[in-house]
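Novice: predicted structure and sequence below. I'll ask about it afterward.
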Amino acid sequence: MEKEVFFKPTPLYKEYMILDLIEKNSHITQRKISTSINTAVSLVNEYLESFEKNGYLKRDYQSSKTVEYIITKEGIERKQVLNIGFLKSSQTIYSSAKENISKFLEQVSEQGFKTILLYGAGEVAEIILNVISENEIVNLKAVAVIDDDTNKIGNKLVKLPIIKKEDIKHISHDGILISSYRHHDKIKDNLIAISYPVVRLIEFFK
């Protein structure tokens, strides 16, 4: 189970995560569960007692130290309900974020930019490129993604080539959208250092 640093797990999501962990490994320990969901062992035990009381699981004590957790039909149904609820909430957040990005890109288009490059081949660039391709209102065309990581050069991101900074001069474009939060200032300084016009810089993060 991957830990998400952006979202703080709610009690309902922790309930889902525990059921999911147990379904995947019936011999998992409470210590392992607590580490996986970043919750105290005592709280994990409270969840398990609640699950047993509600008929979501049964415990088979194979020894004084070994317990097998058996998820019941009701437990699987509960996990599915929680999963649907989590996906619905995630979709709401995603839709809102997508709408905000669309508005930003519409403003970029209204400023006269038509063909752009993105600088920073990460998750932000991927999301922006997906919004551009899915939103017919956004009158922008992205032609390539710049990155300073030599391991990424020559690969593709959302079907666009990832190029090095030196290749900028060979590609016709109106401006560069800085699509990195962590390295935003460094990228901007690097572009200014090679005399790239500041008026052609598009800053998503300011």
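Specialist: Sure thing, it's come through. Since the model is a prediction, treat every value here as computed from it, not as a measurement.

Novice: in three-state terms, label I70 for me.
Specialist: strand (DSSP: H, G, I helix; E, B strand; the rest coil).

Novice: tell me the pLDDT of the spatially most central residue of the chain.
Specialist: Closest to where the C-alpha atoms of the chain average out (C-alpha atoms, centre = their mean) is E123, at 7.2 Å. pLDDT, E123: 88.

Novice: that one and I176: what is the separation?
Specialist: For E123, the distance to I176 equals 18 Å [C-beta to C-beta, to the nearest Å]. Glycine gets a C-beta too; all of them are placed from N, C-alpha and C.

Novice: show me the chain divided up by domain.
Specialist: Taking automatic domain parsing as the reference, the chain has its domains at 11-92, 111-203.

Novice: how about I176, secondary structure?
Specialist: I176 - assigned by three-state DSSP - is strand.

Novice: name all residues that make contact with it.
Specialist: Neighbouring residues of I176 by C-beta atoms under 8 Å, 6 or more residues apart in numbering: I116, L117, L118, Y119, I146, I168, L191, Y196, R200, L201, I202.

Novice: how about R78?
Specialist: E15, L19, N54, Y56.

Novice: count the neighbours of the residue lying closest to H184 once chain neighbours are set aside for me.
Specialist: Once flanking residues are discounted, H184 sits nearest to F205: 4.8 Å by C-beta to C-beta, 6 or more residues apart in numbering. Neighbourhood size, F205 [other C-beta atoms under 10 Å]: 13.

Novice: let me know the secondary structure of F205.
Specialist: Strictly by three-state DSSP, F205 counts as coil.

Novice: quick one: E74 and G55 touch, right?
Specialist: Yes: counting by C-beta atoms under 8 Å, G55 is a contact partner of E74 at 4.8 Å.

Novice: contacts only, for the closest residue in space to K114 that isn't next to it in sequence.
Specialist: Of all residues not flanking K114 in the chain, D174 sits nearest, at 5.5 Å (C-beta to C-beta, 6+ apart). Going by C-beta under 8 Å, 6+ apart, D174 touches G112, F113, K114, T115, I116, R200.
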